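S.K.: Dropping a prediction and its sequence here:
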Amino acid sequence: MRDMSNAGPGNGGGTTTGYSVGFPVFTVPEWLGTKNLDFFQIDPVRQTTTEVWLGHSVSTEGHARMLLVATLMEPAGKRITIDDRRVSAAYEAAIKLAMLRLPAGDDRPAGFLRRLDDHVKAETASLDHWPVQTVSVDGAPVALRVWRFGGGIAATMDDPGAGPVCCLVSYGMELDGLELSVSGSLDDYGVPSVSALSRDQLPERAAMSVLPEPGGYHRDYHALLS
């Protein structure tokens, strides 16, 4: 897969290639703050979108809240079980949670990122032991498995079925009671309905930018530093 958060293919004329979204996307219709397309991924072989991540951010009276809502769709023809899809989505959310709040700088201990990745894989392998919280999707209750790390939360649908899978990453807010909707429109996120996804639709400032810079490693990282 190709991450389109910081790279996008261009054609010979220098314009950004667009990629259609062939599946419904999980959104937060009642978010009182900034909403945008945070990033997306494509299958470079089929040239189709496989992931759409929507950013939500707000800061009021010194309290910042950030939410990423992802819709993941496996490429056509790829055979994968529901349990595999659950674990894969949980890993996507958990590794993003673990990476996004690392302190800036290159002075990390040797092997730290490998240990961090191994830790996330071990945690997602025990997904069935993650606590459950409930959100609503178009008014119906949906169970999420949630993992807390580094001051934030990663979550994924407990029973994704055969359709797109939703996973989430949040800081400064709980997920219990969150109201989601499945939509074929990204108009509220700055992407016109008639438009295909492209790099030039990504914001200059990602949703994470609303959060203060970490002053050091959160205690959850300490065991992985040595």
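M.R.: Everything's here; your move.
S.K.: Give me the below-cutoff pLDDT ranges for this protein.
M.R.: Scanning the chain for pLDDT under 70 picks out the ranges 1-16, 75-82, 106, 194-195.
S.K.: sec struct for the spatially most central residue of it, please.
M.R.: The residue lying closest to the centre of the chain (CA atoms, centre = their mean) is Ala70, at 4.4 Å. Assigned by DSSP: H, G, I helix; E, B strand; the rest coil, the conformation of Ala70 is strand.
S.K.: which secondary structure element contains the nearest residue to it once chain neighbours are set aside?
M.R.: Among residues not flanking Ala70 along the chain, Trp53 sits closest, at 4.5 Å (CB to CB, 6 or more residues apart in numbering). All C-beta atoms are positioned from the backbone trio N, CA, C, and that covers glycine. Under the criterion of DSSP states H and E, Trp53 resides in strand 48-60.
S.K.: Quickly run through the sheet partners of that strand, with directions.
M.R.: strand 34-43 (antiparallel), strand 63-72 (antiparallel) (DSSP bridges).
S.K.: May I see these arranged in JSON lines, with distance to Leu102 as well?
M.R.: Shown next, in JSON lines, are those (distance: least, CB to CB, whole Å):
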{"stretch": "strand 34-43", "distance to Leu102": "18"}
{"stretch": "strand 63-72", "distance to Leu102": "15"}
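S.K.: what's the longest helix in this structure?
M.R.: Counting residues, the longest helix in the chain under DSSP state H turns out to be helix 82-100.
S.K.: Next up, phi/psi of Gln133, please.
M.R.: phi -120, psi 160 (degrees, to the nearest 10).
S.K.: Okay, and the beta partners of it?
M.R.: Beta-bridge partners recorded for Gln133 (DSSP bridges): Leu144.
S.K.: I figured it hits Trp147, correct?
M.R.: No - counting by CB atoms under 8 Å, Gln133 does not reach Trp147; the two are 10.9 Å apart.
S.K.: Need the overlap of contacts for those two.
M.R.: In terms of CB atoms under 8 Å, 6 or more residues apart in numbering, Gln133 and Trp147 are both contacted by the residues Ala155.
S.K.: the more surrounded of the two?
M.R.: Trp147 (22 against 18; other CB atoms under 10 Å).
S.K.: if I look at that one, how far off is Gly33?
M.R.: Per CB to CB, to the nearest Å, Trp147 is found 24 Å from Gly33.
S.K.: Appreciated, that's everything.
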